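**Student:** Dropping the sequence and predicted coords here.
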Amino acid sequence: MSSDAAMPEPLGLGAVRAARLSAEHGIVELNAPNETLRVGDRLEWIVGYSDTTVHLHEEIYATRKGRIEAVWPIVGRGKIR
């Protein structure tokens, strides 16, 4: 994910003190301990700026109420020069 224009927001974690992104990983600091979150758990995010995030992937999963409804190919993948 990119944070070029706006920082992505993690969902369902409660109050977040800070979130930092690197090329291959991220760090999320919570305001309070979380007893259910474990290393390896997947997090959902609201993307802060999609233009520099979407082109990095082959497809987007469209979800509603926790279920995948569609898989959309990113036809522009690899077209940036």
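**Tutor:** Noted; the coordinates are in hand. Residues are numbered from 1 along each chain as shown.
**Student:** So residue 18 is in contact with residue 29, correct?
**Tutor:** Yes: assessed by CB atoms under 8 Å, residue 18 is found in contact with residue 29 at 4.5 Å. Bear in mind the C-beta positions are built from the backbone N, C-alpha and C, glycine included.
**Student:** Can you name the residues that contact residue 29?
**Tutor:** Contact analysis of residue 29 by CB atoms under 8 Å, 6 or more residues apart in numbering lists 16-19.
**Student:** nope, residue 6 is what I was after
**Tutor:** When contacts are taken as CB under 8 Å, 6+ apart, residue 6 is in contact with 48-49.
**Student:** Let me know the pLDDT of it.
**Tutor:** pLDDT, residue 6: 77.
**Student:** how close does it sit to residue 66?
**Tutor:** As judged by CB to CB, to the nearest Å, residue 6 and residue 66 stand 25 Å apart.
**Student:** which of the contacts of residue 29 count as buried?
**Tutor:** Neighbour counting by 16 or more other CB atoms under 10 Å classes residue 19 among those as buried.
**Student:** the bottom helix or strand of the chain by mean pLDDT?
**Tutor:** Least confident helix or strand of the chain, by mean pLDDT, DSSP states H and E, is helix 51-54 with a mean of 72.
**Student:** what are the ranges of the strands in this structure?
**Tutor:** Ranges of strands within the chain are 9-10, 16-21, 26-30, 45-46, 59-64, 67-73, based on DSSP state E.
**Student:** Output those in a markdown table, with mean pLDDT appended to each entry.
**Tutor:** Listed next are these as a markdown table, based on pLDDT from 0 to 100:
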| stretch | mean pLDDT |
| --- | --- |
| strand 9-10 | 82 |
| strand 16-21 | 82 |
| strand 26-30 | 84 |
| strand 45-46 | 81 |
| strand 59-64 | 90 |
| strand 67-73 | 95 |
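**Student:** Could you export these as a markdown table, including distance to residue 38?
**Tutor:** What follows is the strands of the chain, written out as a markdown table (distance: least, CB to CB, whole Å):
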| stretch | distance to residue 38 |
| --- | --- |
| strand 9-10 | 15 |
| strand 16-21 | 17 |
| strand 26-30 | 13 |
| strand 45-46 | 18 |
| strand 59-64 | 22 |
| strand 67-73 | 23 |
